[in-house]
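1. need a structure here:
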Amino acid sequence: SGITWGDANTAIAYDYWWNDRNTKTYLFNPSDGTKEATVINDRSYQDQYSDPGNFVTTRNDFNRYVLEMDNGKAYLMGAGYTEAGQFPFIDEYDLKSNQTKRIYTSPYTDKKETLVDAVNLDKGKVLVRLESQSEYPNYYFRNIKKKNDLTAVTSFENPFKSLQDVHKEVITYKRDDGLELEGTLYLPVGYDKSKKEKKPMILWAYP
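-> This next block holds a predicted model:
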């Protein structure tokens, strides 16, 4: 399904087979067709939990994206879906030993971190985006070699500040014929439910 080229002796190939949802990743030597390719990953592409991530690439002198390599090492960046939540990660892959070492895992449980770009992994510099229910998405430079080292790149403010404290909850109710339905109820900022104050309501029903 594709190849990520490295150098004269290094390349990464990918295949997938729709019938059984299998995908494999191979390390091979493009200059020597007599050598067997090394299988790096063999998995179901529908299994998000086992996704090893994507190899980090960089632009070469011909403005083409090629495998980023540093002293026999390559890098993988993954979304990090787990049963406990999403924790994006960066792995270091040894091209000789076919061994992988985790060098960064997002620690957040109260916000979402997205790994946007590997700026300079040799120095540990990565561009990330952070957001949460109360924190509008912004970009930061993170140094994964230093704990909690973040440098703000943007300072976007929430354009919907007037709505950020609106109360939101899912309610369920039964239609006249007994069918149970559900909907999302939004209450005005500062609304006191204990007073049972009546307010105008807009109802959107579909289909």
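2. so what's Val170 bridging to?
-> Residues in a beta bridge with Val170, per DSSP bridges, are Thr184.
3. ugh, typo on my part, it should be Tyr93
-> Ala74, Thr100.
4. Report pLDDT for it.
-> Looking at Tyr93, its pLDDT reads 97.
5. all helices for this protein, in order.
-> Using DSSP state H, the chain contains no helices.
6. Can you tell me the centre-most residue of it?
-> In the chain, the residue lying closest to the centroid (Cα atoms, centre = their mean) is Ala79, at 3.2 Å.
7. can I assume that one is in contact with Gln86?
-> Yes: counting by Cβ atoms under 8 Å, Ala79 touches Gln86, with 6.5 Å between them. The C-beta positions use only the backbone N, C-alpha and C, and glycine is treated the same way.
8. circling back: check the residue nearest to the centre of the chain and give its pLDDT.
-> Value listed for Ala79 in the pLDDT field: 96.
9. what's the answer for Ser132, then?
-> For Ser132, pLDDT reads 94.
10. residues of stretch 22-34 that come out buried?
-> For stretch 22-34, a neighbour-count test (16 or more other Cβ atoms under 10 Å) marks Thr23, Lys24, Thr25, Tyr26, Leu27, Phe28, Asn29 as buried.
11. Stretch 130-139 now?
-> Leu130, Tyr136, Tyr139.
12. do stretch 5-17 as well
-> Buried residues in stretch 5-17, counted by 16+ other Cβ under 10 Å: Trp5, Gly6, Thr10, Ala11, Ile12, Ala13.
13. possible to save those as TSV with distance to Ala205?
-> Formatted as TSV, the buried residues of stretch 5-17 follow (distance: Cβ to Cβ, whole Å):
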residue	distance to Ala205
Trp5	54
Gly6	56
Thr10	58
Ala11	55
Ile12	51
Ala13	51
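14. quick one: which of those is nearest Asp94?
-> Nearest to Asp94, judged by Cβ to Cβ, of the buried residues of stretch 5-17 is Thr10 at 12.2 Å.
15. Nice, that's everything, thank you.
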